[in-house]
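Asks: model this:
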Amino acid sequence: VQLVESGGGLVQPGGSLRLSCAASGFTFTFSSYLMRWYRQAPGKERELVAHISPGGGSTTYADSVKGRFTISRDNGKNTVYLQMNSLKPEDTAVYYCNARRWASEFWGQGTQVTVSS
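Replies: Take a look at the predicted model:
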C-alpha cells in the first residue's frame, strides 16, 4: 500500500495550497477507506486536521482549520485532497495522509507546509 502526498511548499500568510494524496495498492477499493489528514508541527504531537467518509458525504475538521480548509476525495482517481486557504504561520507543519478501514491503517510519508513571510 502506498499513500503519496504532494503539494506542500512555502507560502506567505493568507495564501493557499492544495495538498493531494494518491493511494495505490489497497486490498479493498479506495472508496471503502476512511481518509484523514493529520499534521505535526516541530515539538508538537500529531493532530487530526480533517476527516472524510468513504463515500465523501461526511467531513469533519479541527476547530483551528474550520472555514479555511476543505477536504475532498475523488474515488475514481484514488485521491484525497486538502484545500488550504487563508494560511497562517501556525499552520506550518508536516501534513500526513491517513487511510483506515476496520483494523487496517496506512500512512503517507508526509509533505512539508511552511507559512512564512
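Asks: Quick one: residues contacting the residue minimising distance to the centre of the chain.
Replies: Compute the mean C-alpha point of the chain, and by Cα atoms, centre = their mean the closest residue is Trp37, 3.0 Å away. Going by Cβ atoms under 8 Å, 6 or more residues apart in numbering, Trp37 touches 19, 21, 48-51, 71, 80, 82, 95-98. All C-beta spots, glycine's among them, are computed from the backbone N, C-alpha and C.
Asks: mind running it again at 7 Å?
Replies: Going by Cβ atoms under 7 Å, 6 or more residues apart in numbering, Trp37 touches 49-50, 71, 82, 95, 97.
Asks: buried residues in the strand or helix carrying it?
Replies: Assigned by DSSP states H and E, Trp37 falls within strand 34-40. Residues 35-39 are the ones in strand 34-40 that count as buried (16 or more other Cβ atoms under 10 Å).
Asks: Sheet-wise, list the partners of it with their directions.
Replies: strand 47-52 (antiparallel), strand 93-101 (antiparallel) (DSSP bridges).
Asks: Pick the most buried one from those.
Replies: strand 93-101 (a mean of 20; mean count of other Cβ atoms under 10 Å).
Asks: So what's the gap between that one and the chain middle?
Replies: A distance of 6 Å separates the centroid of the chain from that of strand 93-101, by Cα atoms, centre = their mean, to the nearest Å.
Asks: One more: stretch 69-76?
Replies: Centre-to-centre, stretch 69-76 and its host chain are 9 Å apart (Cα atoms, centre = their mean).
Asks: got it, and stretch 30-40?
Replies: For stretch 30-40, the distance to the chain centre is 7 Å (Cα atoms, centre = their mean).
Asks: And stretch 43-54, by the same measure?
Replies: For stretch 43-54, the distance from its own C-alpha centre to the chain's C-alpha centre is 7 Å (Cα atoms, centre = their mean).
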